[in-house]
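This is the structure alone, sequence omitted:
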């Protein structure tokens, strides 16, 4: 019988990672810190955002690649902002603390 391999991604955002998100969305610092700790979807989008920022720094000398990362970063910023401003988001995840 074949053994199925399962890959699990453990997501841990460092304080530096969170600071990068807060730097971009300074007016939402408290909400960002809270959501990163309790909201898997939000944390995942923030991780993707931080990964894209780091990749852009690596590829900034290659214009075509840098443009793609710039576009991805803009899309992720919009997604983060949408999650932060979504109705009912404040306190929505408090029950899991």
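Thanks, I have the structure now. Nothing here was measured: the structure is a model prediction, and the numbers come from that model.

hey, let's count contacts and neighbours off CA atoms from now on
Noted.

Low-confidence stretches in this structure?
1-11, 87-97 (pLDDT under 70).

Go ahead and flag the most central residue of it.
By CA atoms, centre = their mean, the mean C-alpha position of the chain lies nearest to residue 46, the distance being 0.6 Å.

Could you say which helix or strand holds it?
In this structure, residue 46 is located in helix 40-59 according to DSSP states H and E.

Can you give me the buried ones in that helix?
Across helix 40-59, burial judged by 16 or more other CA atoms under 10 Å covers 42-43, 45-47, 49-50, 52-53, 56.

and it, how far from the chain's centre?
The chain centre lies 5 Å from the centre of helix 40-59; the measure is CA atoms, centre = their mean, to the nearest Å.

packing partners for the helix or strand that that helix is followed by?
As assigned by DSSP H and E, the chain's next helix or strand after helix 40-59 is helix 63-85. In terms of contacts (3 or more CA pairs under 8 Å, 6 or more residues apart in numbering; DSSP states H and E), helix 63-85 is packed against helix 40-59.

which outside residues touch the helix it packs on?
Residues from elsewhere that reach helix 40-59 (CA atoms under 8 Å, 6 or more residues apart in numbering): 11, 13, 17-18, 20-21, 35-37, 65-66, 69-70, 72-73, 76-77, 79-80, 83.

Give me the angle between that helix and helix 63-85.
Helix 40-59 runs at 160 degrees relative to helix 63-85, counting by axes from the mean of the first three to the mean of the last three CA atoms, to 10 degrees.

Please give the number of neighbouring residues around residue 82.
When neighbours are defined as other CA atoms under 10 Å, residue 82 has 11 of them.

where's it relative to residue 53, distance?
For residue 82, the distance to residue 53 equals 19 Å [CA to CA, to the nearest Å].

How about residue 35?
Distance from residue 35 to residue 53, by CA to CA: 20 Å.

do the same with residue 65
Using CA to CA, one gets 12 Å for the distance from residue 65 to residue 53.

and residue 60, what are its phi and psi?
The phi and psi values for residue 60, taken as degrees, to the nearest 10, are phi -60, psi -20.
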